[in-house]
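Participant: Kindly generate the corresponding structure for this input.
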Amino acid sequence: MSSDPSQFVHWLRSVAPYIHAHRGKVFVVAIAGELIADGQLNALVQDIALLSAMGVRIVLVHGFRPQIEEQLREKGVTSRYSHGMRVTDPIALDAAQEAAGQLRFEIEATFSQGLPNTPMAGATVRVVSGNFITARPVGVIDGLDFEHTGLVRKVDAPTIQRALEYGAVVLVSPFGFSPTGEAFNLSMEDVASSVAAAIKAHKLLLITEVDGVFDEDGQLLSELTVAQAENLLARLPDPQQPTDTAFYLRHAVRACRAGVGRAHITGFKLDGSLLLELFTHDGVGTMIADEHLEHLRQASADDVGGILQLIEPLEAEGVLVKRSRTEIERDIGNYTVLEHDGVIFGCAALYPYPEARTGEMAALTVSDSAQGQGDGERILRRIEQQARALRLESIFVLTTRTTHWFLKRGFVPVEPDWLPEARRQRYNDQRRSRVLVKRLG
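Facilitator: Numbering: from 1, shown residues only. Down below sits the predicted model:
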């Protein structure tokens, strides 16, 4: 970026809408114990400090499975799992208590270092932790007594919310206590999804050893609706280990059904995965939401600023004819926008010429961050549908640099004389734009 300042400007403009959208929101970030065992804690704390500085309110829930395993190995004891849960006998309970205490100390110490030699050097991040979780025993399942393995019964949401309002990061360990003081080993996923639901978090982010949810061909599914996730879970075998993807997906769906806005599953092996998931168009993991976040819709007056920001770089390059804010405000009813989670990533306008039974598609633009995902074709299909609804027989475009893209999608070149009279009078001979027409069946 130092060699090309425009790259930095473009990057900052692309993340600015997310910074604005996330400010003041409450995120529950759940980290697998494997992340800490892999030496990734310092980098994660730096990223959480950055989010906190941006005004995001953070609840951090840590896991401790590998740390318990290490404690048990030292004691010469083999772990037992069933139904995706650890069987916590008295020895395993002691190991869990030791692991939780050590991790809590390590996490708080890392936040207290002032993050030297990082972009957040000198930042002060207060960490508040406590007995926020009331638990109950899992009990006996299929004849197996899970002993001190528990489930969340209740979350002290008011206390957590007050700590967040104070500006602190709230640290929650996967441990709970019954009203009689009995201790229970909980799963990080159960605690995180329960806390997220109780405090009405905007996002639950599961940072785990799995990179997300993949389809049968091994392709990452960047976005799932809750209904799609439930259908997928119905086809997957019940998780036998707490590290199974289905285990994480089940808790993500549970959180969304309980009112959490979005749930994300992403891996920790990629440096900065938390930031990449939050501040890029498609993220790097899988997001689960109640409905598709990408919407093709007619533009409104509130979209003028987003459209201008989208098309200005192409206008500066000469790819698009420059349009003023006044022109866009005047013609906003002609525009279609592609919106993803409140941010406009694509647009196009249709200007009909009813007397000639044709219409011009203008200002077709897709953000650089969303290139190559078929969004341009989706917008084109929407424009074609609008043209057919107006009983137009064709649509045309004027382009200087994207001829090949349109030719591949059924457009054919014609001479400028083909244009409707009203449009031909405004044809710019100096730009020498090619005229391409697509007949609508």
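
Participant: sec struct for L320, please.
Facilitator: Three-state call for L320 (DSSP: H, G, I helix; E, B strand; the rest coil): coil.

Participant: so who does it touch?
Facilitator: I311, L314, A363, T365 (Cβ atoms under 8 Å, 6 or more residues apart in numbering). Heads up, the C-betas are built off the backbone N, CA and C, glycines and all.

Participant: Could I get the pLDDT score of P66?
Facilitator: For P66, the pLDDT comes out at 90.

Participant: what's the closest of the contacts of L320 to H264?
Facilitator: Nearest to H264 out of the contacts of L320 is T365 (Cβ to Cβ; 27.7 Å).

Participant: just checking, what packs against the strand or helix carrying the closest one?
Facilitator: Using DSSP states H and E, T365 sits in strand 358-366. On a contact count with 3 or more Cβ pairs under 8 Å, 6 or more residues apart in numbering; DSSP states H and E, strand 358-366 meets helix 304-317, strand 343-353, helix 375-389, strand 394-399.

Participant: Same list (the ones you listed) but as JSON lines, adding mean neighbour count.
Facilitator: Supplementary listing: the helices and strands packed on strand 358-366 in JSON lines, determined by neighbours: other Cβ atoms under 10 Å:
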{"stretch": "helix 304-317", "mean neighbour count": "16"}
{"stretch": "strand 343-353", "mean neighbour count": "21"}
{"stretch": "helix 375-389", "mean neighbour count": "18"}
{"stretch": "strand 394-399", "mean neighbour count": "21"}
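
Participant: Relative to F132, which of the ones you listed is closest?
Facilitator: Taking Cβ to Cβ, strand 343-353 is the member of the helices and strands packed on strand 358-366 nearest to F132, at 33.7 Å.

Participant: Pairing partners for the closest one, with directions?
Facilitator: strand 335-340 (antiparallel), strand 358-366 (antiparallel) (DSSP bridges).

Participant: what angle separates it from helix 304-317?
Facilitator: 80 degrees (axes from the mean of the first three to the mean of the last three Cα atoms, to 10 degrees).

Participant: Specify the angle between strand 343-353 and strand 394-399 in degrees.
Facilitator: Using the same axes, to 10 degrees: strand 343-353 against strand 394-399 is 120 degrees.

Participant: sorry, back to before: can you list the buried residues in the strand holding T365?
Facilitator: Across strand 358-366, burial judged by 16 or more other Cβ atoms under 10 Å covers T358, G359, E360, M361, A362, A363, L364, T365, V366.

Participant: Closest to K408 out of those residues?
Facilitator: Of all the buried residues of strand 358-366, L364 has the smallest distance to K408: 14.0 Å, by Cβ to Cβ.

Participant: Can you report how many residues neighbour G84?
Facilitator: Using other Cβ atoms under 10 Å, G84 has 17 neighbouring residues.

Participant: that older thread, JSON lines for the helices and strands packed on strand 358-366, including mean pLDDT?
Facilitator: Below are the helices and strands packed on strand 358-366 laid out as JSON lines (pLDDT from 0 to 100):
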{"stretch": "helix 304-317", "mean pLDDT": "88"}
{"stretch": "strand 343-353", "mean pLDDT": "92"}
{"stretch": "helix 375-389", "mean pLDDT": "92"}
{"stretch": "strand 394-399", "mean pLDDT": "96"}
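
Participant: Tell me how this structure divides into domains.
Facilitator: Domain assignment for the chain, taken from automatic domain parsing, gives 5-292, 295-439.

Participant: Most tightly packed of those domains?
Facilitator: Counting by mean count of other Cβ atoms under 10 Å, domain 5-292 has the highest mean neighbour count of the domains of the chain, with a mean of 18.

Participant: quick one: that domain to chain centroid distance?
Facilitator: Relative to its parent chain, domain 5-292 has a centroid offset of 15 Å by Cα atoms, centre = their mean, to the nearest Å.

Participant: contacting residues for D156?
Facilitator: Shown in contact with D156 (Cβ under 8 Å, 6+ apart): G130, N131, F132, I133, T134.

Participant: And for Y166?
Facilitator: For Y166, the contacting residues are R126, V128, by Cβ under 8 Å, 6+ apart.

Participant: if I look at it, how far off is K200?
Facilitator: Computed as Cβ to Cβ, to the nearest Å, the Y166 to K200 distance reads 18 Å.

Participant: now do H148
Facilitator: The gap separating H148 from K200 is 30 Å, by Cβ to Cβ.

Participant: same question, A100
Facilitator: Distance from A100 to K200, by Cβ to Cβ: 26 Å.
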